[in-house]
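**Student:** Take a look and give me a structure for this.
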Amino acid sequence: MCDHHHAARHILCRQCDLLVALPQLEHRQKATCPRCGTTLTTSWDAPRQRPTAYALVALFMLLLANLFPFIYMKVGGISSEIELLEIPNVLFSEDYASLGTFFLLFVQLVPAFCLVTILLLVNRVSMPSGLKAFLARILFHLKTWGMAEIFLAGVLVSFVKLMAYGDIGIGLSFVPWCMFCLLQLRTFQCVDRRWLWDDIAPMPAITQPLKVGVSGLRQGLRSCSCCTAVLPVDEAVCPRCRTRGTARRKNSLQWTLALLVTSLILYMPANILPIMITDLLGDKMPSTIMAGVILLWSEGSYPVAMVIFICQYYGADVKNDRHWLAMLERQRQGSARLGAHASDL
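**Tutor:** Numbering: from 1, shown residues only. Purely as a prediction, here's the structure:
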């Protein structure tokens, strides 16, 4: 059996680096890592039609969301409404050019670009193979930069805050925007990374024997962070997607520790200092994150208050605690190995 087919049935877990032999998957089945339980690949039924349908409807919802008023507000008998495309103009006019640029890029353009790219790739639109690989690489790099749902969450929180000063309502484009957020997330869910890359180009051949159930690093192997190809550890550039990578990030533990300490330093002032200042008829009212949670709870917006509290406090604390525990465990394992070497001598 040739090396290409031999390597195509194997994958390195991106979490624990275990080499796993992939079974033959039926539709609606997924392969998981036997050691850590991470999902390795998923076999969707109708893998081309399903993301195509979701992406087309999502783009149509995005078009509708930009055609009609998004929200309206009535304060002191004065009514005003705003469309999504007017938000950048308002931000630019108020000297918030960076926020206006971020809104255009990460809330509108990046999600739309990703959806169009998915349509081109899953439907095998005729184009050079190099362009296909480039688009797929950009797609998975930009995937985490789409912030349409983050913008929606911010709008919902602002609704509760502004209800104290006037009548706030949703426009005709609010529901299409909510549908767009859900559909673009569902589109990404239905596109399996490994399936898409195997459809673009075959898995690179591996000449060395593969040992299932053994860590990739112990075999001199690494996984491509973009297309999941199994590569020799000394091969810096993936021959399939042209992504540069290494088995270990240089000084990764030092960077992690530095970022953890920095986040801890910034965490306290972020919760003590005001995060928003409301200017109502010349009366400026600063408010902190916790003050906003208390206000939302007192106004009866319990779900929104709980979401903010969990994301800001519980979620952040749990993530930081897990990172600290992982760092301490890594340091303990390193000390244990040094002790073992010393006893051997």
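**Student:** which stretches of the stretch 51-200 of the chain form helices?
**Tutor:** 86-93, 97-102, 110-122, 129-142, 148-162, 174-189, 193-200 (DSSP state H, counting those that start in this stretch).
**Student:** Quick one: residues in contact with the longest one.
**Tutor:** Put plainly, it is helix 174-189. Identification of contacts with helix 174-189 by CB atoms under 8 Å, 6 or more residues apart in numbering yields 51, 54-55, 57-58, 61-62, 64-65, 68, 70-71, 84, 111, 114-115, 118, 143, 146, 148-149, 152. From N, CA and C alone the C-beta is placed, and that goes for glycine too.
**Student:** Pull out the buried members of the residues you listed.
**Tutor:** Buried subset of the contacts of helix 174-189 (neighbour count, 16 or more other CB atoms under 10 Å): 51, 54-55, 57-58, 61-62, 64-65, 68, 70-71, 84, 111, 114-115, 118, 146, 148-149, 152.
**Student:** re earlier: weakest of the helices of the stretch 51-200 of the chain by average pLDDT?
**Tutor:** Mean pLDDT values for the helices of the stretch 51-200 of the chain show the minimum at helix 148-162, a mean of 79.
**Student:** Quick check on residue 277: phi, psi?
**Tutor:** phi -120, psi 120 (degrees, to the nearest 10).
**Student:** Just the strands from the stretch 1-150 of the chain, written as ranges.
**Tutor:** In the stretch 1-150 of the chain, the segments counted as strands under DSSP state E, counting those that start in this stretch are 10-12, 19-21, 29-32, 39-43, 69-75, 78-83.
**Student:** same for the last one, what does it pack against?
**Tutor:** I take that to be strand 78-83. Judged by 3 or more CB pairs under 8 Å, 6 or more residues apart in numbering; DSSP states H and E, strand 78-83 is in contact with strand 69-75.
**Student:** how about the strand it packs on: buried residues?
**Tutor:** Buried, per 16+ other CB under 10 Å, within strand 69-75: 69-71, 73.
**Student:** which one of those sits closest to residue 215?
**Tutor:** Each of the buried residues of strand 69-75 was scored against residue 215 by CB to CB, and residue 70 proved nearest at 50.5 Å.
**Student:** still on that earlier bit, please convert the helices of the stretch 51-200 of the chain to CSV, extending it with distance to residue 267.
**Tutor:** As requested, the helices of the stretch 51-200 of the chain are exported to CSV (distance: least, CB to CB, whole Å):
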stretch, distance to residue 267
helix 86-93, 28
helix 97-102, 23
helix 110-122, 28
helix 129-142, 28
helix 148-162, 20
helix 174-189, 28
helix 193-200, 33
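**Student:** Nearest to residue 295, out of those?
**Tutor:** Of all the helices of the stretch 51-200 of the chain, helix 148-162 sits nearest to residue 295, with 7.3 Å by CB to CB.
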